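K.L.:
okay, here's the prediction I keep looking at, along with the sequence it came from:
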Amino acid sequence: MSDTPVDASKRTWLIASSCAGAVGAGFAAVPFVSSFQPSEKAKAAGAPVEVDISALNPGEKLTVEWRGKPVWIVRRTPEQVKLLPQLDAQLADPASKRNPDDLTPPYARNESRSIKPEYLVVVGICSHLGCSPSDKFQGGPQPSLPDDWKGGFLCPCHGSTFDLAGRVFKNKPAPDNLEVPPHMYLSDSRLLIGQDKQA
Amino acid sequence: MAEFKDISPNASATEKLANWFNNRYPSAGGFYKAHMSEYYAPKNFNFWYFFGSLALLVLVIQIVTGIFLVMHYKPDAAKAFESVEYIMRDVPWGWLVRYMHSTGASAFFVVVYLHMYRGLIYGSYRKPRELVWIFGCAIFLVLMAEAFMGYLLPWGQMSYWGAQVIVNLFSAIPFIGPDLALLIRGDYVVSDATLNRFFSFHVIAVPLVLLGLVAAHILALHDVGSNNPDGVEIKGPKAPKDANGKPLDGIPFHPYYSVHDIFGVGMFLMVFSAIIFFAPELGGYFLEYNNFIPADPLKTPAHIAPVWYFTPFYSMLRAITTEMMYALSAILLLTVLWVLLRTRANAVVKGLLVVLAIAFLWMFNAFAFTGMGFLQGIDAKFWGVVVMGGAVMILFFLPWLDKSPVKSIRYRPSWHKAVYGVFVVNFVVLAYLGVQPPSPTGERISQLGTLFYFGFFLLMPWWSRLGEFKPVPDRITFAAH
């Protein structure tokens, strides 16, 4: 190191210009970081989807794509609807109280999480890490499921289980119930996903 | 500037040419000496010391095959899958280049894991090699990012859903998580935008970082000198040296270890080629069968698992359930009670500890049983992500966790070997469970495995000092062969 005494004024200017340079670099980074955000095109793609559910039989499921995600429409049998209240004790959030504004529109904050008890409409994306759960409508013992299984969904990725109202079982990796998208009935057989009467 | 050297006019043409270059580019010769012909490495290197040079070989294989794959691959969600099939079926020898690249990815992790294991058992991370180890851990981390982004490119089912899961890991972070995941994907779901940016990262950004880190790793290693199976310094002030100051226990890297490593390369390439030609998918472990199905955003395959090299960490992610958080809260509580009752830390420290412990118990959601909303902590999901990240990050701290008086496993108490043995078995079991579909038994085992993994490291400052250490020789043990 040199023995020259420190030139205080030179040092001040060095610090000041370094700071100015850092601020400039910060501003220059903005456009680059911003370019990571969804493009205008991606933001625009999100129109509501109309579905014809007249051909859906009890116990069947229909999948449609909305905003790149799978939306399930399940027509539950009367027995399946009757089973829902019996499961409450085993569920993490049976009454849809967690994050209701994001997950459950007001018209679905009920035991069946739906407008009509017969039809379940949920986004088929697990609230854990975004896998799409598989149908396990058949009750009884089977791999990765409890022996008293009553029918529902199993996420293949991390084993979270959901009942037929998309409600998550206790002590599973997924913290939340499946999301109920905004939806409305245009008629008895036509369903609009992505928009409801409030909008 | 180096002095300009004249050479006798009678010198041979080769010598004249060498002199011409030396006068104009002396740093090249200096570099060759410092890193090859006059870099002294301990002469007792064993089998475990092949994997550093093999990692370098695989890096070169990946870069070269990658360059050729980019010539035919199309980073477009509508074309990516079919362009990979085009490489496999229509590009002359394309299948070979692609299999070299896909097998190379797994081979990279095989050699890197073995290389890290070598460092672990011989204490290669101990002073003064902490930075060598840290650069190495950074390489491992960056390599994981590189492998993960590369895996999206074929745009198969496993590519798509693997990326979906890993990107969603970030959304578990409180407050900023969802926006961060959006920034990574560039869309509300994994899509064409995601594919394009991962392509850019995979082929240029991350490899540049990787090369820089590899250079730093090797330069730092050559500055402090290589460790060896005895953990004895060959270049220290007490180490024996010849009249020219060269270490008596060292031999020049070139030609001794360069030739030695070529033998290792030969053996490695035999296994590598056998896999490429006879089992490129290696039973679904190197190339997963579900990835031969094009990505379908509406349907997750019935069983998804990451590629084998991520599965130990993936198991730890899956192990963190609400129940596990109660177990971790109990462990935290017992530790704090032990400190309060059995140590003589002063009151301020103890008070601070209690406050911290309560804060963490609250965040761990340990007060959920009270049913009070304001005591609601953070979901187990987030802690799973923390545990998975922590399992990699904890490696960086190894140089300061190991307090054993000797470096090498050779001179440690015999039961230490058993601890390391259990660590390896535990790691393999976690890897196996990560490949399997979730099951209650597997979950319990992986929870125990996670506790052991972290216990191994976090309790190392205590257990690594215990036991009867063997005397360390002054010089390396070496028998000429």
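P.N.:
Here it is on my side, so go on.

K.L.:
can we go C-alpha only for contacts and neighbour counts from here?
P.N.:
Fine.

K.L.:
poorly predicted segments of the stretch 151-300 of chain B, please.
P.N.:
Within the stretch 151-300 of chain B, no stretch falls below the threshold (pLDDT under 70).

K.L.:
report pLDDT for the spatially closest residue to B:A220 that is not a sequence neighbour.
P.N.:
Leaving aside its chain neighbours, B:A220 sits nearest to B:V132 (5.7 Å; criterion: C-alpha to C-alpha, 6 or more residues apart in numbering or on different chains). pLDDT recorded at B:V132 is 98.

K.L.:
hang on, B:V132 is in a helix, isn't it?
P.N.:
Yes - under DSSP: H, G, I helix; E, B strand; the rest coil, B:V132 sits within a helix.

K.L.:
residues contacting it?
P.N.:
Going by C-alpha atoms under 8 Å, 6 or more residues apart in numbering or on different chains, B:V132 touches B:Y125, B:A216, B:H217, B:I218, B:A220, B:L221.

K.L.:
per-residue confidence at the residue most central in space within chain B?
P.N.:
In chain B, the C-alpha nearest the mean C-alpha coordinate belongs to B:F140, at 2.8 Å (C-alpha atoms, centre = their mean). Per-residue pLDDT puts B:F140 at 98.

K.L.:
mind checking how far the one helix or strand it maps to is from the chain centre?
P.N.:
Using DSSP states H and E, B:F140 falls within helix B:130-152. On the basis of C-alpha atoms, centre = their mean, to the nearest Å, helix B:130-152 sits 5 Å off its chain's mean C-alpha point.

K.L.:
which element follows it toward the C-terminus?
P.N.:
Downstream of helix B:130-152 (by DSSP H and E), the next one is helix B:157-170.

K.L.:
the helix or strand immediately after that next one in the chain near chain A at all?
P.N.:
Once the chain leaves helix B:157-170, the next helix or strand it forms, by DSSP H and E, is helix B:177-185. Yes - remark: helix B:177-185 sits within contact range of chain A at B:L182, B:L183, B:I184, B:R185, by C-alpha under 8 Å from any C-alpha of the partner chain.

K.L.:
alpha carbons only: can I get the helix holding B:F140 in PDB?
P.N.:
What follows is helix B:130-152, C-alpha atoms only, in PDB (Å, rounded to 0.1, in the frame of the first residue of the first chain):
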ATOM      1  CA  GLU B 130     -13.000 -22.900   2.700                       C
ATOM      2  CA  LEU B 131     -13.300 -20.800  -0.500                       C
ATOM      3  CA  VAL B 132     -12.600 -23.800  -2.700                       C
ATOM      4  CA  TRP B 133     -15.500 -25.600  -1.000                       C
ATOM      5  CA  ILE B 134     -17.800 -22.500  -1.200                       C
ATOM      6  CA  PHE B 135     -17.100 -22.000  -4.900                       C
ATOM      7  CA  GLY B 136     -17.800 -25.800  -5.300                       C
ATOM      8  CA  CYS B 137     -21.100 -25.500  -3.500                       C
ATOM      9  CA  ALA B 138     -22.000 -22.500  -5.700                       C
ATOM     10  CA  ILE B 139     -21.200 -24.700  -8.700                       C
ATOM     11  CA  PHE B 140     -23.500 -27.400  -7.400                       C
ATOM     12  CA  LEU B 141     -26.300 -24.800  -6.800                       C
ATOM     13  CA  VAL B 142     -25.900 -23.300 -10.300                       C
ATOM     14  CA  LEU B 143     -25.700 -26.800 -11.800                       C
ATOM     15  CA  MET B 144     -29.100 -27.600 -10.300                       C
ATOM     16  CA  ALA B 145     -30.600 -24.400 -11.800                       C
ATOM     17  CA  GLU B 146     -29.000 -25.300 -15.200                       C
ATOM     18  CA  ALA B 147     -30.300 -28.900 -15.100                       C
ATOM     19  CA  PHE B 148     -33.800 -27.700 -14.000                       C
ATOM     20  CA  MET B 149     -34.100 -25.200 -16.800                       C
ATOM     21  CA  GLY B 150     -32.700 -27.600 -19.400                       C
ATOM     22  CA  TYR B 151     -35.300 -30.100 -18.300                       C
ATOM     23  CA  LEU B 152     -38.200 -27.800 -19.400                       C
END
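
K.L.:
what residues of it count as buried?
P.N.:
B:130-140, B:142-143, B:145-152 (16 or more other C-alpha atoms under 10 Å in any protein chain shown).

K.L.:
returning to that earlier point: for B:V307, see how far away the residue nearest to the centre of chain B is.
P.N.:
15 Å (C-alpha to C-alpha, to the nearest Å).

K.L.:
scan chain A for its longest helix.
P.N.:
helix A:8-34 (DSSP state H).

K.L.:
got the angle between that one and helix B:177-185?
P.N.:
Put simply, helix A:8-34 runs at 80 degrees to helix B:177-185, going by axes from the mean of the first three to the mean of the last three C-alpha atoms, to 10 degrees.

K.L.:
and the helix or strand that comes right after helix A:8-34, average pLDDT?
P.N.:
Next along the chain after helix A:8-34, taking DSSP H and E as the criterion, comes helix A:40-44. In this model, helix A:40-44 has a mean pLDDT of 83.

K.L.:
can helix A:40-44 be found next to chain B?
P.N.:
Yes - Helix A:40-44 reaches chain B (C-alpha under 8 Å from any C-alpha) through A:A42, A:K43.

K.L.:
chain center to that helix: distance?
P.N.:
19 Å.

K.L.:
again, but for stretch A:80-98
P.N.:
19 Å.

K.L.:
can you pull the contacts of the residue of chain A found nearest chain B?
P.N.:
Per C-alpha to the nearest C-alpha, A:P38 is where chain A lies closest to chain B, at 4.3 Å. By C-alpha under 8 Å, 6+ apart, A:P38 lies in contact with B:L182, B:L183, B:R185, B:G186, B:D187, B:Y188.

K.L.:
tell me how many other residues surround the fourth one.
P.N.:
Yep, that's B:G186 we're talking about. For B:G186, the count of nearby residues is 25 (other C-alpha atoms under 10 Å in any protein chain shown).
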